[in-house]
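**Q** My questions concern the predicted model and sequence given below.
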Amino acid sequence: MTLSRQGVLDLDLAPALDREDFLAAPGNAEALAWVDRWPRWPSPVLLLYGPAGCGKSHLGEIWQRRARAVTLLPEQLHPDRLPELLPDLQRGGSAVIVDGIEAVAGEPRRERALFHLVNLIHQTAGHLLGLAGSAPALWPLGLPDLRSRLLAAPAVAIAPPDDALLAAMLVKQFADRRLQPRSEVIDFLVTRTERSYDSVRRLVARIDREALARHQRITLPLVRSVIAAAVDLD
């Protein structure tokens, strides 16, 4: 059965996080290559870092599905809880993501737990992917051995989307909603959109809702009014 445009909108489209949905660009090419290279990593630990909205969560989701990884948050890390959270870790070959890994810095219990986890990953031929907002060298780690371990791991920066990637993201988000606005609309939005995957998704959804409410096509005047209304709300 073919969904109507309204039906597509009613689904409140979730972000598409498969490998084929990731838009490669110079700023994320190295990080994507590392994810694609797994499990042939030269180190058991890989750190990806970049500002919010740069796409690292999407890369983490791609790797999580491929490696069947367990995802942990820093607040879950406790030395005594690792066997409970990762029951298969001791058997070898486990894959773990620590999302927001830099948040362990300055928390002695979390630092000890992460150090223990990294050691187990090394000992059991597992893999750990850390996602962070900043470079590891900037984390105020208090445990010297943990700092040494993490600084020895490959750390790959991801840049915010450039104009070309931002335009591609906009085109894809509209296409996912069966929309093909004219190039002047895309060009206008590129200069007025926050450079993040989530912001693009939310903006396109807002424009789509407004077009449906007005029973209009997506034109430059309509998009201008949506942008102006968003600014007024801020």
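**A** On my side now, so go ahead.

**Q** Would you state the strands of the chain in chain order?
**A** 45-49, 70-72, 95-99, 127-132, 155-157 (DSSP state E).

**Q** As CSV, the ones you listed with mean pLDDT, mean neighbour count and distance to L203 would be great.
**A** Where you see a C-beta, it was placed from the backbone N, CA and C, and this is true even at glycine. Shown next, in CSV, are the strands of the chain (pLDDT from 0 to 100; neighbours: other Cβ atoms under 10 Å; distance: least, Cβ to Cβ, whole Å):
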stretch, mean pLDDT, mean neighbour count, distance to L203
strand 45-49, 98, 24, 25
strand 70-72, 94, 18, 27
strand 95-99, 96, 22, 24
strand 127-132, 98, 23, 24
strand 155-157, 98, 18, 25
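
**Q** can you put the ones you listed in TSV and add distance to A25?
**A** Listed next are the strands of the chain as TSV, based on distance: least, Cβ to Cβ, whole Å:
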stretch	distance to A25
strand 45-49	15
strand 70-72	25
strand 95-99	22
strand 127-132	18
strand 155-157	13
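
**Q** which other residues reach stretch 142-156?
**A** Contact partners of stretch 142-156, identified using Cβ atoms under 8 Å, 6 or more residues apart in numbering, comprise 30-31, 34, 41-43, 45-49, 105-106, 108, 111-112, 114-115, 118-119, 130, 135-137, 139, 141.

**Q** end-to-end on it?
**A** Length of stretch 142-156, first residue to last, Cα to Cα, to the nearest Å: 22 Å.

**Q** what's the answer for stretch 137-155, then?
**A** In stretch 137-155, first residue to last residue: 10 Å (Cα to Cα).

**Q** ok, now which ones touch the residue nearest the centre of the chain?
**A** The centroid of the chain falls nearest to S57 when counting by Cα atoms, centre = their mean (1.7 Å). Going by Cβ under 8 Å, 6+ apart, S57 touches D99, L131.
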